[in-house]
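[1] Sequence and computational prediction follow.
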Amino acid sequence: MRRAILALLACLAASAASAAAGGLAVMHGFADQSGMTLWAQTGRAARIVVEFHPETDPKAVQKVEATARADDDFVTQLRLAGLAPGTRYAYRILVDGRRERTGAFATQKLWQFREEPPDVALAFGSCAYLNDDYSRPGQPWGGDYGVFDAIAAARPDAMLWLGDNVYFREPEWTSLEGMSARYRAYRALPAAARLWTATSHLAVWDDHDYGPNDSDASFVGKGNAERAFRRYWPNPTFGLPGSGGIFGMVTLADVDLFLLDNRYFRHPNRYPETPAKAMFGPLQLEWLRQALVSSRATFKVVAAGGQFWNRANRFEAFHNFPAEQKALADWLLEQKIPGVLFLSGDRHLGGLWRIERPGTYPLHEFTSSPLTARAFANPPAEERDNPDLVPGTLVTQRNFGMVRVTGPRKERVLTLESYASDGSLIWQRRIAASELR
């Protein structure tokens with residue numbers, strides 16, 4: 001077994017080293033109004049220096065530096081701070097004094113109390129499978145890697161990865177080194193190179209980038225999975241102090257994104273049906289309830305790796321935890337918090353579900369899956385005929401989703417779009433903010 005793991009690590013490391021230009025992989029983390037985290041990975045120990053300046057003022061150069069170390073899988077996360085809002089910056093990265101990469105990014109506008117909120121374009125997707133020597137036997141599971149360029153071409157303000165962002169294989173479940181090697185191969189993938197620096201990136205996980213299939217809180221390797229996730233996804237925050245897990249929240253203009261962790265606190269799917277059985281857990285859901293009440297955003301987007309409300313889902317979903325699901329549904333109904341939308345992945349199909357609620361607006365859940373894994377081409381009749389499914393929105397091919405927010409502050413409009421892996425539009429639906437009150 002040890003020999004097989006070493007062979008796997010060598011294979012993935014060789015792939016990463018050959019694919020990354022100059023041995024350097026780069027990704028843009030989330031950009032707020034005053035800073036951005038630049039993620040970088042080398043193939044060896046090195047001194048990393050980032051020089052950056054407003055594109056309109058090349059002389060106003062600032063500099064940050066860090067050391068890429070083997071203990072961190074040669075990953076650095078460099079915080080470019082003290083930036084001006086609504087400004088485009090150019091940067092260059094030097095590795096041991098040699099220029100390796102140049103690029104550009106923009107900070108968010110400071111619009112509050114000054115002007116109308118800016119437009120928002122959020123891309124999202126899940127289930128990105130890469131074929132290699134450790135793939136499942138038989139027909140290749142992954143394909144259509146051009147979807148990454150299609151997302152980049154859509155020019156989103158951010159890309160939200162909704163779980164199964166990498167697929168750990170059996171030899172990798174047992175070590176941080178194995179998990180890191182899998183991530184490293186994804187970051188060095190030539191087909192995704194443009195996307196990594198085309199926009200900001202955020203992520204949550206699902207089972208395959210957490211551990212074994214359908215894994216839960218009992219997975220003994222979850223500490224390694226969390227370390228690997230935090231190493232490779234520079235989200236602004238992870239959980240609460242001392243809580244563990246990877247849940248958090250970010251803001252894009254007048255949209256708050258609530259990023260949920262559906263694995264770290266999860267009871268097994270086959271756990272007895274007790275009131276305590278949970279997918280998200282009491283700590284995380286209490287945080288979510290408080291954060292939703294506190295939010296003044298026009299739209300409050302709640303995102304997780306698995307589906308929330310699709311009653312025709314035969315597989316892993318919130319309905320496997322009926323007490324927790326009902327408690328959240330009842331609370332949302334009681335509070336009547338405006339502007340809530342759910343995003344999810346996992347299903348290897350996509351669609352928009354509309355769940356009617358007495359006395360208030362319906363809940364909408366937009367699922368996008370898969371990016372490059374095999375699609376669920378022939379879902380059963382109960383899935384196709386689900387009365388909650390918005391007609392014309394079921395997608396049974398590889399796809400990604402877009403959430404757009406436009407219009408003046410008092411007349412904001414949510415536009416939901418599903419795209420094929422070649423970038424062609426599959427369906428589009430518009431929902432006015434006034435319909436979610």
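    Arrived safely, thanks for sending.
[2] contacts and neighbour counts: CA atoms only from here.
    Fine.
[3] On the pLDDT front, check Ala303 for me.
    Listed pLDDT for Ala303 reads 98.
[4] again with Gly23
    86.
[5] Isn't it up against Gly43?
    Yes. Gly23 is within contact range of Gly43, at 5.3 Å (criterion: C-alpha atoms under 8 Å).
[6] if you count what's nearby, which of those two comes out ahead?
    Counted by other C-alpha atoms under 10 Å, Gly23 and Gly43 do not tie: Gly43 has more neighbours, with 22 against 16.
[7] ok, now how distant is that one from Thr199?
    Gly43 sits 24 Å away from Thr199, going by C-alpha to C-alpha, to the nearest Å.
[8] cool, Leu343 as well?
    Counting by C-alpha to C-alpha - Leu343 and Thr199 are separated by 19 Å.
[9] Then Trp287?
    From Trp287 to Thr199 the distance is 28 Å (C-alpha to C-alpha).
[10] who has more neighbours, the two?
    Under the criterion of other C-alpha under 10 Å, the comparison of Trp287 against Thr199 puts Thr199 first, with 24 against 15.
[11] Next, the contact list for the residue lying farthest from the centre of the chain, please.
    The outermost residue of the chain relative to its centre, with distances by C-alpha atoms, centre = their mean, is Lys59 at 35.5 Å. Each residue near Lys59 by C-alpha atoms under 8 Å, 6 or more residues apart in numbering is listed here: His53.
[12] quick one: pLDDT of it?
    Looking at Lys59, the pLDDT reads 97.
[13] Who is the most centrally placed residue in the chain paired with across the strands?
    Residue closest to the mean C-alpha point of the chain, counted by C-alpha atoms, centre = their mean, is Trp161 at 2.2 Å. The residues listed as beta-bridge partners of Trp161 by DSSP bridges are Gly125, Ala203.
[14] Next, count neighbours for Lys300.
    A total of 22 residues lie near Lys300 under the criterion other C-alpha under 10 Å.
[15] What of the one 4 residues further on?
    Other residues within reach of Ala304, judged by other C-alpha under 10 Å, total 27.
[16] and it, backbone torsions?
    Backbone geometry at Ala304, expressed as degrees, to the nearest 10, gives phi -150, psi 170.
[17] Quick check: it vs Arg263, distance?
    10 Å.
[18] list residues touching both of these two?
    Here Ala304 and Arg263 share the contacting residues 205-206, scored by C-alpha under 8 Å, 6+ apart.
[19] Tell me which stretches of the stretch 251-400 of the chain form strands.
    Ranges of strands in the stretch 251-400 of the chain, per DSSP state E, counting those that start in this stretch, are 255-259, 299-304, 340-344, 351-357, 360-367, 399-406.
[20] Now do the contacts for Ala217.
    Shown in contact with Ala217 (C-alpha under 8 Å, 6+ apart): 263-268.
[21] Pick out the most distant pair among these.
    Maximum pairwise distance among these (C-alpha to C-alpha): 11.0 Å, between Tyr264 and Pro268.
[22] Quick check: neighbours shared by the two?
    216-217.
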